[in-house]
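Q: Just a sequence and a predicted model for now, questions to come.
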Amino acid sequence: MHARAVAAALGDEAWESRDPVEQANVLGPYAGGKQVLPAVDEPGNARLDAVFAALGDARRRHGSDALGAYIISMARSRADVLTVLALARRAGLVDDAGSVPLDIAPLFETVDDLRRGPDTLRDLLADPVYRAHPAARGNLQMVMLGYSDSGKDGGIAASRWSLQRAQVELLEAAEDPGIRLTFFHGRGGSLSRGGSKTPRAIEASPRGSVDGRVRVTEQGEAIHRRYGIRAPGTAFAGAGHRLGADLQHPPA
């Protein structure tokens, strides 16, 4: 969606097929605020402008803590992250210091993306345009790791090994530029989607990967199973009935 919007804004039909380095070079002035990405009357651009305008409105109304991380699904290059900065600036999501007040988290989902993730992060943090962004946010950078998609892509064993190695190598990539990483674990509820006991998962994390900060998803069926409350006098049917029973009589 991001790439299609930029293609329309720049009037470049070949944008999505261009080399990521070339894309990053074009996006640099827009991401850094020297130029403004052209506004065009196109549905994808209109939707993204509305998203970033809503984020800016939430920040003005409720303060900086109103915004969480902006996650880029299937992030594969520095250009993917610079695109978000360019789009945010166009929509006016800029603070008084001229920075984009938004944590941008690339999400590495497939096994190949996890393996390439450290090189992607290294390339991103070497870019002076982007490097100014985490510098304005306390030298913190969030990276999201995909459990479900990597499991579907390579199987549980390959997924877990890739996730473990990715954390070690991402920490190494962030060490030289002095960036502290927060890992956002995109774990699902079932084992095939990365689910397991959260304390055990944290204890099994590579040394240094938590460092006082960790973020974990709670999604889908896991929310209801862990936090759902059965209303008095309410009956569940089928699988829902079993779920209700589990909530009232949890296993030891």
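A: Now that the structure is in, tell me what you want to look at.
Q: the helices in the stretch 1-150 of the chain, which residues?
A: 2-10, 20-32, 43-62, 78-90, 111-125, 128-135, 148-154 (DSSP state H, counting those that start in this stretch).
Q: Quick one: mean pLDDT for the fourth one?
A: By that I understand helix 78-90. Average pLDDT, helix 78-90: 97.
Q: Quick one: work out the angle between it and helix 2-10.
A: On the basis of axes from the mean of the first three to the mean of the last three C-alpha atoms, to 10 degrees, helix 78-90 is oriented at 60 degrees to helix 2-10.
Q: what packs against helix 78-90?
A: Helix 78-90 is packed against helix 2-10, helix 20-32, helix 43-62, strand 70-72, strand 104-108, helix 111-125, helix 128-135, with contacts defined by 3 or more C-beta pairs under 8 Å, 6 or more residues apart in numbering; DSSP states H and E. (Glycine included, C-beta is placed from N, CA and C.)
Q: CA atoms of the longest one as PDB?
A: Right, helix 43-62. Below are the C-alpha coordinates for helix 43-62, written out as PDB (Å, rounded to 0.1, in the frame of the first residue of the first chain):
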ATOM      1  CA  PRO A  43      -7.600   6.600  -3.100                       C
ATOM      2  CA  GLY A  44      -4.500   5.000  -1.600                       C
ATOM      3  CA  ASN A  45      -2.900   8.400  -0.900                       C
ATOM      4  CA  ALA A  46      -6.100   9.700   0.500                       C
ATOM      5  CA  ARG A  47      -6.400   6.800   2.900                       C
ATOM      6  CA  LEU A  48      -2.800   7.100   4.100                       C
ATOM      7  CA  ASP A  49      -3.200  10.900   4.500                       C
ATOM      8  CA  ALA A  50      -6.200  10.300   6.700                       C
ATOM      9  CA  VAL A  51      -4.400   7.700   8.800                       C
ATOM     10  CA  PHE A  52      -1.500  10.100   9.600                       C
ATOM     11  CA  ALA A  53      -3.800  13.000  10.100                       C
ATOM     12  CA  ALA A  54      -5.700  11.000  12.600                       C
ATOM     13  CA  LEU A  55      -2.500  10.100  14.400                       C
ATOM     14  CA  GLY A  56      -1.600  13.800  14.500                       C
ATOM     15  CA  ASP A  57      -5.000  14.600  15.900                       C
ATOM     16  CA  ALA A  58      -4.800  11.900  18.600                       C
ATOM     17  CA  ARG A  59      -1.400  13.300  19.700                       C
ATOM     18  CA  ARG A  60      -2.700  16.900  19.900                       C
ATOM     19  CA  ARG A  61      -5.700  15.800  21.900                       C
ATOM     20  CA  HIS A  62      -4.300  13.200  24.200                       C
END
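Q: what comes up buried for that helix?
A: Residues of helix 43-62 classed as buried: Gly44, Asn45, Leu48, Asp49, Val51, Phe52, Leu55, Gly56, Arg59 (neighbour count, 16 or more other C-beta atoms under 10 Å).
Q: That helix: how far from the chain's middle?
A: 17 Å (C-alpha atoms, centre = their mean, to the nearest Å).
Q: where does Phe183 land in three-state SS?
A: strand (DSSP: H, G, I helix; E, B strand; the rest coil).
Q: Wait, it touches Gln167, no?
A: Yes. Counting by C-beta atoms under 8 Å, Phe183 does reach Gln167; the two are 6.2 Å apart.
Q: any shared contact partners between those two?
A: Leu145, Ser205, Ser209 (C-beta atoms under 8 Å, 6 or more residues apart in numbering).
Q: Dump those residues to JSON lines, plus pLDDT and neighbour count.
A: What follows is the shared contacts of Phe183 and Gln167, written out as JSON lines (pLDDT from 0 to 100; neighbours: other C-beta atoms under 10 Å):
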{"residue": "Leu145", "pLDDT": "90", "neighbour count": "25"}
{"residue": "Ser205", "pLDDT": "77", "neighbour count": "17"}
{"residue": "Ser209", "pLDDT": "76", "neighbour count": "20"}
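Q: nearest to Ala75, of those residues?
A: Leu145 (11.3 Å; C-beta to C-beta).
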